[in-house]
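**Q** Dropping the sequence and predicted coords here.
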Amino acid sequence: MTSDQIDSQYKLCRESFLERIDSIISISDLDEFYLEYLGRKGTTTNLLKLIKEMLPEDKKQYGPIFNKLRTNQEEIINSKREELNQTQGNIDIDLTIPGAILPTGHLHPTTTIIREMNEFFRYLGFSIGEGPELEDVEYNFRRLNLPEGHPATDLQDSLFVKEPQYLMRTHTSSVETRILSEYHDKLPLRVVVPGKCYRNETNSATNTSFFYQYQGFVVDRGITIQHLKDTLTKFHQFLFGDDVKLRFRYKYYPEVSPGMGVDMQCRFCKGSGCSVCKYRGFIEVLGSGMIHYNTMKACDIDPETYTGYAFGMGLDRLVMSKYGIKDIRKLYGGELVYV
Amino acid sequence: MKIPLNWLKDYVSTDKSPREIAASFTQLGLMLDKPLDNSGVLDLEHRMDRSDWLSIIGCARDYAAFNKLKLNYPKSNTKKLPLVSPSEMVEITVSTPAVRRFNTRVVKNVKVGESPDWLKERLTAYGIKSINNVVDITNYVMVELGQPMHAQDLAKLKKSEITLRPAKAGETVRTILGTTVTLDKDIFVLSSGGVAIVIGGIVGGVETSVTHDTTEIILDAGNYDQSVIRKNSRKLKIINETVSRYDKFLHPDLCEIALDRATYLLETISGAIVYQNSDYYPAPPAPLIQKLTFARLKILSGMDLPISVVKRILTALEYQILSSTKDGLTLKVPYFRTDVEVEDDIVADILRINDYSSIPTSPLDTPVPKDITPAILTFEDHLRDLLVSFGAHEHITASLVKESGDSGEILLSNALSADQNALRTSAKPMLMEVRTNYHKHQVGVPIIFEIGKSFKQSNGKYQEIRELAIVGPEVGHSLATLMHLLGIKYLVSNTGEVIISNTTVGQLEGGAVTLDTALLMQYQQKYTGIISDFTHVIKRDISLIAPKHVTYFDIASVIEITKPNFSYTCKSIDKVGQDINYVLTLTWSHNEKSIDTELSEVIAKVTKKLNIKSKT
């Protein structure tokens, strides 16, 4: 036999084995398949028998290759046998048997919702931002047009680490002033900031001492309130579907002017009023507006050249409604059971 | 702010339904707060900026502007009043910086009695109980115009003088609520003859209150530093209609306007004669003149609003147009608009009255800016995915915990409860509680983790630590799997420190591992674990017999000194008499010629350095 013939037999044996093994679905077929290749008169066994008749230099070349082929095929058959045993024992496969669930974990509901939102804003070219939770009043209040003595800065509403300078951030707007200050000479910016915020409240079914906010802001030349309305409309369509109905109205927030409140028509009563929307027909979803002139100045940005919008919303109510969780203490108190 | 609709209709003529009226207010910035009912009263959410919205007239003004209606002001006595005679003058002395204005009138010939029905009905609808015609008039004017007022029985003053001064520590006032309040020097009082009779800007005293036998009163309208009122009222825990107005920024000019209205009502309802008494007003503020450029209106709104519309809106809101050019307007801001700070606030007014729902939408059309997402956020999200992939569940727990006494712990200075008076130094204890919850409910404990911030201080500086904490059964396996997926070689020291390249990145102890995610990120091998070919690795097992005190870490530390060209794992650990038999599998990814030499070197080094035997 010429070396070409030997090579061709070897190739055929190896490839046909690999091609056919995947289609075997029962132990009995596998037993037959084993004999066909590795039995006393099997294809691979016959190939190995050729070694005896070879010249010494051919023996040296083909011996290890053929032996390796046999070992490899045996291993594949053993592993296939194990697989078939596990799924069906010694009977033919029953495809209707439910599969066993492999071990896997779950993300926290808040992480899942944050990721959904981030995905939307990433598509619009936003970066994800972050900043300190233990914050300086300079960024948490002062640069947000909240001077000392402003009612929104009342001591009893904030958790101070060291009065009057260091506190746990009361909103993610502090990250906005940090980023605006850091990037004031590298504009434009489009950023969203999900994060933990704090308030001086004892825990109840609806409130905890911390909560999650989702902040977003854009600073560029020529940004108008029309861009804000458009972004927020598309964002709510993304979250709730194209038929979502929003109401835009004036609302005061110290860090923006003009300010804008956004409400979503109640999805339960379609605006006619029910207990879910407290008979208002609409549910308040977020606060927003054009970044305040004084905030821009405080962050070293020329408000005559650049304008920007900002919005912020609480995440917890949204997460709880999406997952049907009624008590916020369960959401963050380690009582979530993942099923 | 409650708006009895009948009261509102005194100033604007409208036949709209309560729902429609509420819808207008909602668009204006006064959202309907409580559900509509049949009471004829709207309950509107008031934000802290607009002090004029704490008056019916202030709300009516915006409603009229929004609906293009005429605003009808109530009747007032704006004539110059005669001065009270010098002998009857009540002397006013102010010795506290909290007072910006204190305007007083002496009212004689008062016939205290029941209020007329219309007055009682309006107050009742608003939620204020009728007392007598004098007290009711002060309350009525407060709700109507937003300026709190105060009437006292002149005959009950200890002396014909009123002094506004800081309270003495321990001084008390018996209030009209029937309570006795002990004061301190931060609170200011109205005193007469040295006796404190009123807590300034917060609540009146019972000693000088107007009763049915009162015939002469001293009527005052004050203007105070709102932050002082807010601080003191919260300290005394007294929140009432007076406080909710005085803790906002009221303009001092309002004092006189309110007194003129009250004068008219006292004259017509109780037949009184009103005289001007002292008006303490040392520094009347200059009117605010503000420019509005049409370009600014365009840049914020994106709209080309007709100038006629802009002018109509501003006039309806009582801005005085001082001059008008093609580029913009010069405006005198009405005194009651203490919220207006910048030109953009006037733009807000224009858009508000023009209705936000009429603003079109426009997609962002500028080029996408540079991405500034910090790498750590992406990495932490990657960690979450890896952990979830091998069965770990994510939890988010509280950052506020009970003080534990740990070194470097940060305490809160104004915690509400002793259970949450410190910042966590690690998420581990909270996750341990989660594990207890699982046990309590007899649910098998899975691997649980949290990625978040913990807090420490050292040398007076606050630090935020980015931390991954994992708790669960056989947490060492979770650590090993995570590190494998990250392509990081690590060791756990004899004291549980997780070490990568001589740097401690975390701690393994007590069924939990905590890792510094920022450090972990530095060592991750981003593109690892996948290669394009099947390699034929060479494996060798070595057996090392060591006394108990020698740990795997000790052996691994020696191997590391050799800067190994192979990877290694611990295949098995068995007891052999008093000793431990460590079987290590050494793996070379390529068929290196030097394998045998390296193997001998490693065995020699380990056995010599640790004084142990090898059976390899």
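**A** Received the coordinates, thanks.

**Q** Could you look up the SS state of whichever residue of the stretch 501-616 of chain B sits closest to chain A?
**A** Checking the stretch 501-616 of chain B residue by residue against chain A with CB to the nearest CB singles out B:H536 as nearest, at 10.3 Å. Where C-beta positions appear, they are placed from N, C-alpha and C, glycine not excepted. Secondary structure, DSSP: H, G, I helix; E, B strand; the rest coil: B:H536 is coil.

**Q** and it, backbone torsions?
**A** The phi/psi pair for B:H536 (degrees, to the nearest 10) reads phi -110, psi 90.

**Q** any idea how the chain splits into domains?
**A** Went with chain A since none was named. As recorded under automatic domain parsing, the domains making up chain A are A:3-88, A:109-332.

**Q** right idea, wrong chain: chain B
**A** According to automatic domain parsing, the ranges for chain B are B:2-66, B:86-280, B:289-358, B:375-523, B:538-614.

**Q** now the end-to-end length of the second one.
**A** Between the opening and closing residues of domain B:86-280 lies a distance of 16 Å (CA to CA, to the nearest Å).

**Q** Check whether it comes near chain A.
**A** Yes - contact of domain B:86-280 with chain A (CB under 8 Å from any CB of the partner chain) involves B:227, B:230, B:234, B:247-248.

**Q** Distance from the chain centre to stretch A:65-85, please.
**A** 41 Å (CA atoms, centre = their mean, to the nearest Å).

**Q** and the worst-scoring helix or strand of chain A on mean pLDDT, which residues are buried?
**A** Confidence across the helices and strands of chain A bottoms out at helix A:328-332, with a mean of 83, counting by mean pLDDT, DSSP states H and E. Under the neighbour-count criterion of 16 or more other CB atoms under 10 Å in any protein chain shown, helix A:328-332 has A:328-329, A:331-332 buried.

**Q** How much space separates A:D302 from chain B?
**A** Distance, A:D302 to chain B, by CB to the nearest CB, to the nearest Å: 13 Å.

**Q** ok, the closest residue to A:D220 other than its chain neighbours - contacts?
**A** With CB to CB, 6 or more residues apart in numbering or on different chains as the criterion, A:D220 has its nearest non-adjacent residue at 3.7 Å, and that residue is A:P188. A:P188 sits next to A:218-221, A:306, B:366-367, B:369 when contact means CB atoms under 8 Å, 6 or more residues apart in numbering or on different chains.

**Q** cool, and B:I218?
**A** So B:I218 contacts B:90, B:104-107, B:151-152, B:154, B:157, B:162, B:277 (CB under 8 Å, 6+ apart).

**Q** which ones among those are found in strands?
**A** Among the contacts of B:I218, DSSP state E puts B:104-107, B:151-152, B:162, B:277 in strands.

**Q** ok, those vs A:N78, which is closest?
**A** For those, the residue nearest A:N78 by CB to CB is B:A151; the value is 101.4 Å.

**Q** which SS state does the one residue in the stretch 1-150 of chain A that gets nearest to chain B fall under?
**A** Closest approach between the stretch 1-150 of chain A and chain B, counting by CB to the nearest CB: A:G125, at 3.3 Å. Per three-state DSSP, the secondary structure class of A:G125 is coil.

**Q** picking that back up, widest-spaced pair of the contacts of A:P188?
**A** Maximum pairwise distance among these (CB to CB): 14.6 Å, between A:Y306 and B:P367.

**Q** who has more neighbours, these two?
**A** Taking other CB atoms under 10 Å in any protein chain shown, A:Y306 and B:P367 do not tie; A:Y306 has more neighbours (19 against 9).

**Q** count of neighbours near the residue nearest to that one when sequence neighbours are not counted?
**A** Excluding the flanking residues, the one nearest A:Y306 by CB to CB, 6+ apart is A:V219, at 5.4 Å. Counted with other CB under 10 Å, the neighbours of A:V219 add up to 26.

**Q** Quickly list what A:V219 is bridged to.
**A** Beta-bridge pairing of A:V219 under DSSP bridges involves A:L189, A:G308.

**Q** and the residue nearest to A:D220, what pLDDT?
**A** We have a pLDDT of 98 for A:P188.

**Q** and what of B:P334?
**A** 98.

**Q** That one: neighbouring residues, count only.
**A** 19.

**Q** quick one: contacts for the nearest residue to it once chain neighbours are set aside?
**A** Once flanking residues are discounted, B:P334 sits nearest to B:E318: 4.2 Å by CB to CB, 6+ apart. Neighbouring residues of B:E318 by CB under 8 Å, 6+ apart: B:61, B:334, B:336.

**Q** List just the nearest of the buried residues of helix A:328-332 to chain B.
**A** Using CB to the nearest CB, A:Y332 is the member of the buried residues of helix A:328-332 that lies nearest chain B, at 5.4 Å.
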